[in-house]
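A.B. asks: Need the 3D shape of this:
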Amino acid sequence: MNERISPDASPGGEDDPVYEAAAFWVVRLTSADASSADRKAFEVWRRADPAHAEAYAEMETWRRTMGQVPDPRERKSRRAVGLSAVVAIAFAGIAGAQLGLIDRLRADAWTGVGEIETRTLVDGSRIDLNTDTAVALRFTAEERAVDLLRGEAVFDVVPDPRRPFIVRGNGVSARAVGTRFYVRVDGAADPVGVAEGRVDVSTAVGHALLHPGEVAFRDAGDRPVARQGNVAEAMSWRDGKLSFSGQSLRQVIAELERYRRGRILLMDSSVGERRFSGTLDPRDTDEALDVLVATMGIRVTRLTPFVILVR
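C.D. replies: Modelled structure (predicted):
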């Protein structure tokens, strides 16, 4: 579904009363003295016409992004409003892209956004690099060390008792002799999971030994704690799919966003709590979003190829 957001405010460049009203309601409802009567009156206005709801959503998006409400009396089209918000989001994205560039300059192997690659190391071990991932290799006579600079990777390790295989990143160290496991350094709740073998996961304040089918999460004290997890599902991206079993739509969208340039913005917190089970293709996130539209009763607005709103 691709909705237009760019018609002029009104013929001849005159003020658009719908957008004037939308701006008024954004200001009124975010004020400290907004009353229940105000909210009821707003709901009556919003439901009276789909154009009212659409105009309000765009004005509210502007407020959240820019910290202010645009003056609808200025002779700006809806395209101008949308593009201005996009510019603000783009600047935030530039900072992230710069960090990615720095990590890639430090890396021995890396992938771009949406790319998945497999590398074979000099010892015969294999690394599957997920989207936007960078690794630096530190192989010595004593250990085979990998610095996971960003992203996520799965490691199929060739056993070598004299040289343990150690992955470090984001304050976590995962040590294995011969096994298959994943490590994420993007703030995921479970940064390490084990499919085969055993992995000793440690932070500055503790460690946990993981067995097959277990994941580690970091508790409030930053200690790693082992628990059962769906490791196969977490690693399904290696087969070109993202598998979900009852995850919230918020989590699903966050995962999809990793595989595309730009932002997917969830505009309704209650919708974000809906649960999704199924398989999506990370290689075609537009198609994946269409699947969510068809199955989850959501609405997707594509402002640009780089900014998508989900309601």
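
A.B. asks: does Arg260 sit in a helix or strand, and which one?
C.D. replies: Per DSSP states H and E: Arg260 is located in neither a helix nor a strand.

A.B. asks: Quick check: it vs Ala53, distance?
C.D. replies: With distances taken as CB to CB, to the nearest Å, Arg260 is found 26 Å from Ala53. No exception for glycine: its C-beta is placed from N, CA and C like everyone else's.

A.B. asks: Have a look at the two and say which one is more surrounded.
C.D. replies: Between Arg260 and Ala53, counting by other CB atoms under 10 Å, Arg260 is the more crowded of the two (20 against 15).

A.B. asks: Quick check: the more buried one vs Arg250, distance?
C.D. replies: 17 Å.

A.B. asks: go on, Thr295?
C.D. replies: Applying CB to CB to Thr295 and Arg250 gives a distance of 16 Å.

A.B. asks: For this structure, name the helix or strand with the lowest mean pLDDT.
C.D. replies: Least confident helix or strand of the chain, by mean pLDDT, DSSP states H and E, is helix 78-106 with a mean of 56.

A.B. asks: after that helix comes which helix or strand?
C.D. replies: According to DSSP H and E, the helix or strand after helix 78-106 is strand 109-110.

A.B. asks: other SSEs contacting that following strand?
C.D. replies: With contacts defined as 3 or more CB pairs under 8 Å, 6 or more residues apart in numbering; DSSP states H and E, the packing partners of strand 109-110 are strand 126-129, strand 134-139.

A.B. asks: Partner strands of it and their direction?
C.D. replies: Neighbouring strands of strand 109-110 in its sheet, by DSSP bridges, are strand 134-139 (antiparallel).

A.B. asks: Flag the shaky bits of this structure, pLDDT-wise.
C.D. replies: Along the chain, segments meeting pLDDT under 70 span 1-17, 20, 31-33, 62-99.

A.B. asks: residue nearest the centroid of it?
C.D. replies: The geometric centre of the chain, computed from its C-alpha atoms, lies nearest to Ala254 (CA atoms, centre = their mean), at 3.0 Å.

A.B. asks: and the residue nearest to Glu142 when sequence neighbours are not counted, what element?
C.D. replies: Counting by CB to CB, 6 or more residues apart in numbering, Glu142 lies nearest to Arg163, which is 6.7 Å off, once chain neighbours are set aside. In the assignment (DSSP H and E), Arg163 maps to no helix and no strand.

A.B. asks: what does Val291 give?
C.D. replies: helix 285-296.

A.B. asks: ok, residues contacting that helix?
C.D. replies: 1, 114, 242, 249, 252, 256, 259-260, 264, 271, 274, 276, 278, 280-282, 298-300, 308, 310 (CB atoms under 8 Å, 6 or more residues apart in numbering).

A.B. asks: Quick one: name whatever helix or strand follows it.
C.D. replies: strand 300-304.

A.B. asks: now the angle from that following strand to helix 285-296?
C.D. replies: Using axes from the mean of the first three to the mean of the last three CA atoms, to 10 degrees, the direction of strand 300-304 lies 160 degrees away from that of helix 285-296.

A.B. asks: Can you list the strands that strand 300-304 pairs with?
C.D. replies: Paired strands of strand 300-304, with direction, are strand 307-310 (antiparallel) (DSSP bridges).

A.B. asks: what about the strand it pairs with, distance to the chain center?
C.D. replies: 12 Å (CA atoms, centre = their mean, to the nearest Å).

A.B. asks: quick one, strands of the stretch 201-311 of the chain?
C.D. replies: For the stretch 201-311 of the chain, strands defined by DSSP state E, counting those that start in this stretch occupy the ranges 206-210, 214-218, 224-228, 242-248, 263-266, 275-280, 300-304, 307-310.

A.B. asks: Columns distance to Thr140 on top of those strands, output as a markdown table?
C.D. replies: What follows is these, written out as a markdown table (distance: least, CB to CB, whole Å):
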| stretch | distance to Thr140 |
| --- | --- |
| strand 206-210 | 22 |
| strand 214-218 | 25 |
| strand 224-228 | 25 |
| strand 242-248 | 36 |
| strand 263-266 | 41 |
| strand 275-280 | 40 |
| strand 300-304 | 47 |
| strand 307-310 | 45 |
